[in-house]
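Chemist: The sequence and its predicted three-dimensional model are supplied below.
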Amino acid sequence: MWGSFHFDDYSLFSSSLWPPPQTRPLTYLTFWANFELGGRNPIGYLAVNLCLHLLAIVVLCGALPRLVPKTAAWIAAAVFAVHPFQAEPVNYVFARSTLLATLLCLVSLADWTRGRHWLAVAWFGAALLAKEECVAFPVFLLMLHFVTSRKRAELKPIAIMFTLSIVAGVNVLLAGAKTAGSGIGVQAGISWQEYALAQSIVILRYLRMLLLPWGFTVDSEIAIPSAWIGAAAWALVLALVVAALFRFRRAQAGFFFIAGLVLLLPSSSFFPANDLAADRRMYLPMIGFATCAGLLLERARPSIVRAALVVLVCLSFVRTSTWRTEAALWSDAVRKAPSKVRPKIQLARAVEPSRGLEILNEAQLIAPADPAIASEKGRIYMSLRQPGQALVEFGRALALAPRSADAFNNRGVALLGLGQKDIAQQDFERALAIDPCQFDARLNLLRMGFQKSPAIRCRYSAEQSAALAGN
């Protein structure tokens with residue numbers, strides 16, 4: 001509750017939260033409510049995340065005893081509650097979509113097990129409005145249908161859920177295709193074949209971390225494997241599925257293991273995302289994996305179960321402590337992914353300027369053609385009141401990304417700091433020619449006495465709109 005904002009959390013304040021965007025409108029509605037009630041104080045946002053997690057535990061405790069023996073259900077709920085995989089979605093404000101979608105899927109499951117099938121459909125529809133990553137949930141219910149009641153009346157609600165999933169998936173594809181920097185689909189910067197190869201390694205990593213919970217990081221270092229290694233890894237995943245199917249009739253654990261994999265597939269199959277792996281993606285699949293664990297542990301000695309849960313609690317506490325500050329989070333990420341550039345850039349923003357420049361110089365040795373490194377160095381030089389050095393770095397960033405509105409705006413800021421107002425004005429106008437909604441360039445022109453109204457409707461935050469209005 002006393003952590004800070006991180007990474008994509010800051011994007012919540014870069015544009016208007018109302019009306020909500022085309023995808024995940026329910027999640028953004030909660031962000032809007034947080035902002036209206038508490039502004040930019042992170043404690044309110046984190047409190048909501050924690051409450052969503054607690055509610056998910058309560059609903060799971062109510063639903064599972066109708067599917068598995070009571071002891072297994074309680075163990076499963078405890079594993080779901082305290083496994084370190086669950087730390088990131090709770091501590092990372094922007095991951096609320098995962099929490100909310102999972103909670104609504106659990107409510108849907110609870111109503112489904114009570115025979116309220118159409119109410120379950122409604123809850124699942126709400127879950128899709130929170131995050132589309134839960135599209136495989138109807139597959140889980142279909143599996144459940146075939147191993148429990150097999151009532152034909154259940155098939156129509158499941159068919160409606162599949163339809164909703166298809167609509168949500170198409171909506172995300174369209175939104176991702178037309179939104180620059182969305183990081184999904186065609187914007188991910190990776191082909192579906194490469195992504196699919198990498199996911200074989202990612203899934204095995206997740207499964208290893210379920211049993212041996214260490215190595216959690218906000219920015220994992222996953223390389224795209226060769227075709228042979230990727231195929232071998234997928235063969236191993238398939239072998240685990242076959243082993244689970246072999247015990248399908250004699251043990252529910254196999255069923256719920258496969259259910260966990262099914263719930264994981266929307267993010268770990270062939271639909272590209274710019275992050276190959278993210279620990280928070282395991283939150284929803286933990287419904288299946290935790291239940292599998294509960295079934296396997298129900299006959300173990302209570303002392304062993306208690307000891308295992310205490311270990312998970314301690315590891316989750318350590319992981320949550322890492323999320324307390326930006327410096328701690330990104331220091332941990334740099335240590336675990338030393339050859340990645342993004343953690344170094346994020347860490348450079350969280351430490352003092354001199355240390356930040358050292359980190360960025362290290363990053364530049366890894367990726368000399370990355371414009372983000374030069375841009376960040378320029379920002380630090382501007383904070384040190386060295387516009388000449390900043391101009392060099394911003395110029396390098398622009399040379400590496402000549403169609404970047406941000407790069408033109410940044411170079412204009414450095415030129416303005418050197419008193420070259422006419423040339424700075426030209427750079428700000430070039431930035432707006434590329435991106436008419438580039439807020440900083442528009443504000444900089446306004447401060448220079450030039451009023452330019454955007455030709456299109458821009459999603460500025462309330463604070464940004466007030467600044468442009470001169471309030």
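Modeler: Great, that's in hand.

Chemist: Which strands and helices lie in contact with the host helix or strand of residue 467?
Modeler: Here residue 467, judged by DSSP states H and E, is contained in helix 462-468. On a contact count with 3 or more C-beta pairs under 8 Å, 6 or more residues apart in numbering; DSSP states H and E, helix 462-468 meets helix 439-447. Any C-beta I mention is one placed from the backbone N, CA and C, and that applies to glycine too.

Chemist: give the contact list for the residue nearest to the spatial centre of the chain.
Modeler: The geometric centre of the chain, computed from its C-alpha atoms, lies nearest to residue 95 (C-alpha atoms, centre = their mean), at 5.2 Å. Each residue near residue 95 by C-beta atoms under 8 Å, 6 or more residues apart in numbering is listed here: 49, 88-89, 280, 283.

Chemist: Can you tell me which of these is nearest residue 66?
Modeler: residue 283 (21.9 Å; C-beta to C-beta).

Chemist: for the closest one, what are its contacts?
Modeler: Per C-beta under 8 Å, 6+ apart, neighbours of residue 283: 85-86, 89, 95, 98-99, 102.

Chemist: how about those residues in TSV, adding pLDDT?
Modeler: Below are the contacts of residue 283 laid out as TSV (pLDDT from 0 to 100):
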residue	pLDDT
85	97
86	97
89	97
95	97
98	97
99	98
102	98
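
Chemist: Now rank those residues by neighbours and give me the top one.
Modeler: Neighbour counts for these (other C-beta atoms under 10 Å) peak at residue 102, which has 30 neighbours.

Chemist: and that one, what does it touch?
Modeler: Counting by C-beta under 8 Å, 6+ apart, residue 102 makes contact with 56, 127, 134, 283-284, 287.

Chemist: Now, the contacts of residue 95 that are in helices?
Modeler: Using DSSP state H, the subset of the contacts of residue 95 located in helices is 49, 88-89.

Chemist: any chance of those in TSV, with distance to residue 164 too?
Modeler: Shown next, in TSV, are the ones in helices among the contacts of residue 95 (distance: C-beta to C-beta, whole Å):
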residue	distance to residue 164
49	25
88	27
89	23
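
Chemist: Go through the residues you listed and say which is closest to residue 226.
Modeler: Of all the ones in helices among the contacts of residue 95, residue 226 sits closest to residue 88, with 29.3 Å by C-beta to C-beta.

Chemist: Name the spans of the stretch 101-250 of the chain whose pLDDT lies under the cut-off.
Modeler: 177-188, 247-250 (pLDDT under 70).

Chemist: Quick one: the helices in it, in order.
Modeler: Assigned by DSSP state H, counting those that start in this stretch, the stretch 101-250 of the chain shows helices spanning 117-130, 137-147, 155-178, 192-211, 227-246.

Chemist: could I get the ones you listed as JSON lines with distance to residue 269 and mean neighbour count?
Modeler: Shown next, in JSON lines, are the helices of the stretch 101-250 of the chain (distance: least, C-beta to C-beta, whole Å; neighbours: other C-beta atoms under 10 Å):
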{"stretch": "helix 117-130", "distance to residue 269": "18", "mean neighbour count": "21"}
{"stretch": "helix 137-147", "distance to residue 269": "12", "mean neighbour count": "19"}
{"stretch": "helix 155-178", "distance to residue 269": "12", "mean neighbour count": "16"}
{"stretch": "helix 192-211", "distance to residue 269": "6", "mean neighbour count": "18"}
{"stretch": "helix 227-246", "distance to residue 269": "10", "mean neighbour count": "14"}
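
Chemist: avg pLDDT for the helix holding residue 467?
Modeler: The average of the pLDDT scores along helix 462-468 is 87.

Chemist: Quick check: buried residues in that helix?
Modeler: Applying a neighbour-count criterion of 16 or more other C-beta atoms under 10 Å, one finds 464, 467-468 buried in helix 462-468.

Chemist: follow-up on the earlier one: out of the contacts of residue 283, which are inside helices?
Modeler: 89, 98-99, 102.

Chemist: Could you list the low-confidence segments of the stretch 351-471 of the chain?
Modeler: Within the stretch 351-471 of the chain, the ranges that satisfy pLDDT under 70 run 452-455, 471.

Chemist: Try it again at 50.
Modeler: Applying pLDDT under 50 to the stretch 351-471 of the chain flags no residue at all.

Chemist: quick one: the helices in it?
Modeler: Taking DSSP H, counting those that start in this stretch as the criterion, the stretch 351-471 of the chain carries its helices at 353-366, 371-383, 387-400, 405-417, 421-434, 439-447, 462-468.

Chemist: okay, those helices in JSON lines with distance to residue 308 next?
Modeler: Converted to JSON lines, the helices of the stretch 351-471 of the chain look like this (distance: least, C-beta to C-beta, whole Å):
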{"stretch": "helix 353-366", "distance to residue 308": "38"}
{"stretch": "helix 371-383", "distance to residue 308": "42"}
{"stretch": "helix 387-400", "distance to residue 308": "50"}
{"stretch": "helix 405-417", "distance to residue 308": "48"}
{"stretch": "helix 421-434", "distance to residue 308": "55"}
{"stretch": "helix 439-447", "distance to residue 308": "50"}
{"stretch": "helix 462-468", "distance to residue 308": "47"}
